[in-house]
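Trainee: dropping a prediction and its sequence here:
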Amino acid sequence: MTGSLFRRLLLLAVGLIVVTLFAVDRMMVSFIAARQVETLQSYARVFADELERPLTTDLAVWVSRVSGPRFHVTVRDTTGKVQAASKLEPWSSERSAEAAAGNGLVVEVSALHSDFDPNTRHVRERILAISLTSSVLALGVALLVARSLSQRVSRLKLFAEGMLGGVAQDSSPHDSGDELGSLERSLQAVAREQRKMVDRLRFESARREAILSSMAEGVLAVNQELRVTFCNTRFLRAIGFRGASFEGVSLFELVRDTGLHELLREVLSTGEPRRLRFRLSAAKARTFEVQAAPLATPTGRGAIAILHDTTELERLEQVRKDFVANVSHEMRTPLAGVIGYAETLLDGALEDEANKRRFVEIIRSNAVRLNSIAADLLVLSELESGTDPEPDIISVRGVLDSALTTVQSEARERDVKLIREGIENVFVSGSRLRLEQAILNLIANAIKFNRQGGEVRVHAGHQEDGQIAIVIADNGVGIPSNELPRIFERFYRVDKARSRQVGGTGLGLSIVKHVVERMNGTIGVESQLGKGSSFTLLLPAADRPQRSPTA
């Protein structure tokens, strides 16, 4: 209402009204003056006609008789000398008219006031009143029009500002066919198109963010000054970033390793893609393969880098190499024994009645060991391939009873006592054959690595968190604390001499771990050197089956 446009329109309307009133008044004054002059000319001609006839009275008396209260009559001769006048003192008239008589006299009729005609003042007042009334009405109309225009312009202004902020709302445009109505309709059409474009951009941005965030690779984008313009969560985790914002931060503040800096700087300078493998010290010495390429940005050339974490691949490659080396090493000793004693027999020991049977037993023992290694390798291969049989509901008590029965004779030979400690009738889901094999490996190890007169305690029951706990504890030789993190590795032995002596392959605990993990469980171990070890298997509980479970 008090806007600049409203004030300008109002002042313009007032100015136009004042100018119009002034023009009308001037026109009225000119019109009245012209009418007065015509009237005076009529009087002058009439008086001149009377002077052409002989007067019956004196000229001064005649002038006094024909003069009126609103005009003055003067008679002059041809030289301009006043012969008679209605007023003796000189005065200047506003308007006058002259007419010449035939006898050499000139009659001048003059008026002193603008109200020479008695109706002129009244007409002028009426016209002025009408003009003022019309002006007031025109001013009111101008006020309403100005207010309406100001409101419409303000609404358009707010609408346009809403478009800039992305919050413009559709409103019904005025049905007026003027330019503002057309402008409003055009702005609304533009707003709808802008909203569609913004929605598309938001969708594309959200999709890009989702894709980049879900990528297993780290993504980094920098500008020409090596300042970060974008990076995904994977990259921030890789470098161990703990800050709140990364945009605009110098790359040197995020990554201290110079390898990545040099790679991106080379891409920015040459405009060619580059590739690099480097170790990032900030990410717990993880190894990355980086592919960098130039990236066009609004401020100039930038660069984008994709970091592929190859640490696990390298670890698996090393595991594979170690596995091949370990298998070769484990199989070389029994194979060497088989070959050696076979050659001894062929070289004449077959005739040695005292030793040939012992040689054959050694060959058989080494062959059994080779068979055990091959069998355990096959089990590991099956577990890692993911080809598990259809899961079934398993009675843990049945599995433990079967495993304890199997190792009972060996425990008796080694003078190790098997103790059942509260084996509850609980159930789990999975492969009974695999679970029994894992339990059997743990109990067998507890017997083999025990002392004479030792004990192996077995317990199974519900935990507070709802899981099933299977505990196998012994009071045997124990495991050094520094060896505990590696006991589940393939072919890893704490006491290599004793392990081979008791017939171990070094794959038993690795098989146990794979079996438990395939059943969505975990395995833990506690041990003290010289006091024994305790292995705990935590498995998800299963509901008691309606039919008889696998036992």
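Mentor: Now that the structure is in, tell me what you want to look at.
Trainee: can you pull the buried residues of the one helix or strand residue 472 maps to?
Mentor: Applying DSSP states H and E as the criterion places residue 472 in strand 468-474. For strand 468-474, the neighbour count (16 or more other Cβ atoms under 10 Å) marks 468, 469, 470, 471, 472, 473, 474 as buried. The C-beta positions use only the backbone N, C-alpha and C, and glycine is treated the same way.
Trainee: if we only consider those, which is nearest to residue 131?
Mentor: Nearest to residue 131 among those is residue 468, at 106.1 Å by Cβ to Cβ.
Trainee: list the beta-bridge partners for the closest one.
Mentor: Beta bridges link residue 468 to residue 462, residue 539 when assigned by DSSP bridges.
Trainee: gap between it and residue 445?
Mentor: In this view, residue 468 and residue 445 are 21 Å apart by Cβ to Cβ, to the nearest Å.
Trainee: compute the distance between residue 356 and residue 348, please.
Mentor: For residue 356, the distance to residue 348 - Cβ to Cβ - is 10 Å.
Trainee: who's more crowded, the two?
Mentor: In this view residue 356 and residue 348 are compared by other Cβ atoms under 10 Å, and residue 356 has more residues nearby, 16 against 9.
Trainee: contact partners for the more buried one?
Mentor: Residues near residue 356 by Cβ atoms under 8 Å, 6 or more residues apart in numbering: 345, 349, 350.
Trainee: got the confidence number for the second one?
Mentor: pLDDT recorded at residue 349 is 76.
Trainee: ok, how many other residues are close to it?
Mentor: Burial measure for residue 349: 17 neighbouring residues, criterion other Cβ under 10 Å.
Trainee: doesn't residue 358 make contact with it?
Mentor: No - using Cβ atoms under 8 Å, residue 349 is not in contact with residue 358, being 9.7 Å away.
Trainee: before we move on, the earlier item: pull the most distant pair out of the buried residues of strand 468-474.
Mentor: Checking those with Cβ to Cβ, the most distant pair is 468 and 474, at 20.8 Å.
Trainee: just confirm residue 290 is within a strand.
Mentor: Yes - Residue 290: assigned to a strand according to DSSP: H, G, I helix; E, B strand; the rest coil.
Trainee: what's the closest non-adjacent residue to it?
Mentor: residue 276 (4.8 Å; Cβ to Cβ, 6 or more residues apart in numbering).
Trainee: returning to what we had before: looking at the buried residues of strand 468-474, which is nearest residue 33?
Mentor: When those are compared against residue 33 (criterion: Cβ to Cβ), the nearest one is residue 468, at 122.9 Å.
Trainee: quick one, what contacts the closest one?
Mentor: Listed by Cβ under 8 Å, 6+ apart, the contact partners of residue 468 are 396, 426, 427, 428, 460, 461, 462, 538, 539, 540, 541.
Trainee: closest to residue 254 out of those?
Mentor: So of those, ranked by how close each gets to residue 254 (Cβ to Cβ), first place is residue 538, at 39.8 Å.
Trainee: pull the contacting residues for the closest one.
Mentor: Residue 538 touches 463, 467, 468, 469, 521, 522, 523, 524, counting by Cβ under 8 Å, 6+ apart.
Trainee: again, 10 Å this time
Mentor: 463, 465, 467-471, 516, 520-524 (Cβ atoms under 10 Å, 6 or more residues apart in numbering).
Trainee: where is pLDDT lowest across those?
Mentor: At the low end of pLDDT for the contacts of residue 538 is residue 465, which has 83.
Trainee: what's the pLDDT at residue 539?
Mentor: At residue 539, pLDDT is 92.
Trainee: separation between it and residue 404?
Mentor: Per Cβ to Cβ, residue 539 is found 18 Å from residue 404.
Trainee: who has more neighbours, the two?
Mentor: residue 539 (25 against 19).
Trainee: isn't that one up against residue 519?
Mentor: Yes - counting by Cβ atoms under 10 Å, residue 539 does reach residue 519; the two are 5.6 Å apart.
Trainee: who touches both of these two?
Mentor: Taking Cβ under 10 Å, 6+ apart as the criterion, residue 539 and residue 519 both touch 394, 428, 429, 430, 435.
Trainee: have a look at the chain and report its longest helix.
Mentor: helix 4-52 (DSSP state H).
Trainee: next helix or strand past it?
Mentor: helix 59-66.
Trainee: next, the angle helix 4-52 makes with the helix or strand following that next one.
Mentor: Next along the chain after helix 59-66, taking DSSP H and E as the criterion, comes strand 71-76. Interaxial angle, strand 71-76 versus helix 4-52 (axes from the mean of the first three to the mean of the last three Cα atoms, to 10 degrees): 50 degrees.
Trainee: quick check: mean pLDDT of strand 71-76?
Mentor: Strand 71-76 shows a mean pLDDT of 82.
Trainee: the helices in this protein, which residues?
Mentor: 4-52, 59-66, 120-165, 179-214, 233-239, 251-254, 258-270, 311-346, 356-385, 396-413, 432-448, 496-501, 508-518.
Trainee: about what we covered before: overlap of the contact sets of residue 349 and residue 358?
Mentor: Contacts common to residue 349 and residue 358, judged by Cβ under 10 Å, 6+ apart, are residue 341.
Trainee: what about the residue nearest to residue 471 when sequence neighbours are not counted, how many neighbours?
Mentor: Of all residues not flanking residue 471 in the chain, residue 459 sits nearest, at 4.4 Å (Cβ to Cβ, 6+ apart). By the criterion of other Cβ under 10 Å, residue 459 has 18 neighbours.
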